[in-house]
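In: Quick one, structure for this:
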Amino acid sequence: MSAPFLAGDKVVLRGLRRDDLERYRSWLENPEATHFMESGWRPVSDAEIEEIYKASTESDDTAVFVIVDKASDTPVGVCGLYLIHWICRRAEFRILIGDDAFRGKGLGSEAARLTVAYGFDKINLETLYLGVNAENQGAIASYEKAGFVREGVRRQLIYRNGRYYDALMMSILRDEYLGGRAACNNGAGSTEPREPKPVAADLSGAADRQGPDPLTTADVGGVRIDRPSKVSP
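Out: Numbers count the residues shown, from 1 in each chain. Alright, predicted model coming up:
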């Protein structure tokens, strides 16, 4: 079993290693995994995958984890916090389940909850945010289970599969996370954070079909929501 940094019932999260890179490249080039994303429009070069590794392991504004299936000890994807702003105490959440055989099994949902807890409990952030294709219903449901709230929509932002998609913006605040944990500890009967009432109209949009774009550090779930950059973990 891989040495975990964070552990749940179904997955463990550990650091990215150099021997993960070819597997990581295959995930980023998997059309099923990137169906709702801007990623996958060209092959990932050796130079890009090397920059991804450096950005994931050497930057002080990222915390990147490999998601490992606990039962089989198989790496199945990546997740983490990116663009960490240490003054404003915010970060961008990203996740990608790249192995088709492990999609739809709840691994992404648990990895999201572990990463959210890490962001608030271990590194004392105030806000976690993300962007997701508005038609990626599985991803949206998974994010809501982890406590994220719908904030608004950026229209026609993503071009993929021969058409444009809206992007749904979501976030979770520290108080919301702590409130959900307190509800669980008080015997609410759930092991998940309480879901705050959405603040935007309901939108139609597989928690496991989302993730980082290899070409920009600002891509989350196929949505560029911050500064452009050359690479992304």
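In: ok, residue 19 to residue 163 distance?
Out: Between residue 19 and residue 163 the distance is 38 Å, computed by CB to CB, to the nearest Å. No exception for glycine: its C-beta is placed from N, CA and C like everyone else's.
In: Residue 12 too?
Out: Relative to residue 163, residue 12 is positioned 37 Å away (criterion: CB to CB).
In: ok, these two, which is more surrounded?
Out: Of the pair residue 12 and residue 163, residue 12 is the one with more neighbours under other CB atoms under 10 Å, namely 21 against 9.
In: strands paired with the strand or helix carrying the more buried one, and their directions?
Out: In the assignment (DSSP states H and E), residue 12 maps to strand 11-15. Strand pairing for strand 11-15, using DSSP bridges, gives strand 6-7 (antiparallel), strand 63-69 (antiparallel).
In: Which one of these lies nearest to residue 179?
Out: Proximity of those to residue 179 was assessed by CB to CB; the nearest stretch is strand 6-7, lying at 21.7 Å.
In: any idea how far residue 59 is from the residue lying closest to residue 77 once chain neighbours are set aside?
Out: Closest residue in space to residue 77, ignoring its immediate chain neighbours: residue 97 at 4.0 Å, by CB to CB, 6 or more residues apart in numbering. Computed as CB to CB, the residue 97 to residue 59 distance reads 23 Å.
In: The two: who's more crowded?
Out: The residue with more neighbours, out of residue 97 and residue 59 and counting by other CB under 10 Å, is residue 97; that gives 29 against 15.
In: And that one, its phi and psi?
Out: Taking degrees, to the nearest 10, you get phi -100, psi 110 for the backbone angles of residue 97.
In: Could you check how far it is from residue 67?
Out: Distance from residue 97 to residue 67, counting by CB to CB: 7 Å.
In: Mutual contacts of these two, please.
Out: Taking CB atoms under 8 Å, 6 or more residues apart in numbering as the contact rule, residue 97 and residue 67 both touch 76, 77, 107, 108.
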